[in-house]
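Asker: Predicted model follows, preceded by the sequence.
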Amino acid sequence: MTLIITLILIGTIALLLELFLPGGIVGAVGALCLLAAIVVTFNRYGVNAGILTSLAILILSCIALYYWMKNFEKLPGMKRFILTQSSEQSSLSADRQSLLNQSGRTLTDLGPSGKAMIDGKKLDVVAQSGYIDRDTSVTVIKANGHQIIVRAESL
């Protein structure tokens, strides 16, 4: 019984350490210890005890995960992992919308994506259809989020 309790404690501690020491190795060791505790329980005490141990580990893991997620920001040192600045998405979208119907020149071949100089800015763009050669005049026809779609200007 001491071996099983030891494996469960080591597994739990290793999984908790994985939160602070990312990389997967410590977490894998923790998961293996918990799995070993279940296997040892099955071997020494039979199917019923093994199933109970498995369920206990699963239920306690779910409860621990719930409380960890709920109280994450209150844990010491976790504030640095939380995004506190507002998203720039709305200003980015407004900036991208101002590019609509602007003309520019391709800096690389667009097949279908590449670079273009539009409104004095070097931007990643996508051709509306097909392939557009380098140094071709293009017009922005759609700008949503991070994607800018252009088409070659007809002569």
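Answerer: Arrived safely. Residues are numbered from 1 along each chain as shown.

Asker: list the contacts for the closest residue in space to residue 30 that isn't next to it in sequence?
Answerer: Spatial nearest neighbour of residue 30, chain neighbours left out: residue 14 (3.0 Å); criterion: Cβ to Cβ, 6 or more residues apart in numbering. For glycine as for every other residue, the C-beta is placed from the backbone atoms N, C-alpha and C. Neighbouring residues of residue 14 by Cβ atoms under 8 Å, 6 or more residues apart in numbering: 26, 27, 29, 30, 33.

Asker: Among these, name the ones in helices.
Answerer: For these, membership in helices holds for 26, 27, 29, 30, 33, with DSSP state H as the criterion.

Asker: Pull up the gap between the second one and residue 71, please.
Answerer: Distance from residue 27 to residue 71, counting by Cβ to Cβ, to the nearest Å: 20 Å.

Asker: Between the two, which is the more surrounded one?
Answerer: residue 27 (18 against 10; other Cβ atoms under 10 Å).

Asker: Show the contacting residues for the more buried one.
Answerer: 14, 15, 18.

Asker: could you redo the last one with a cut-off of 6 Å?
Answerer: Applying Cβ atoms under 6 Å, 6 or more residues apart in numbering to residue 27 gives the contacts 15, 18.

Asker: Use 48 as the first number for this chain going forward.
Answerer: All right, first residue 48 from here; so that's residue 74.

Asker: Let me see the confidence value for it.
Answerer: Predicted confidence (pLDDT) for residue 74: 87.

Asker: Any figure for the gap between it and residue 174?
Answerer: Residue 74 is 44 Å from residue 174, by Cβ to Cβ.

Asker: of the contacts of residue 61, closest to residue 150?
Answerer: residue 74 (52.4 Å; Cβ to Cβ).

Asker: name the element residue 198 belongs to?
Answerer: strand 194-199 (DSSP states H and E).

Asker: Return the distance of that strand from the chain's centre.
Answerer: 28 Å (Cα atoms, centre = their mean, to the nearest Å).
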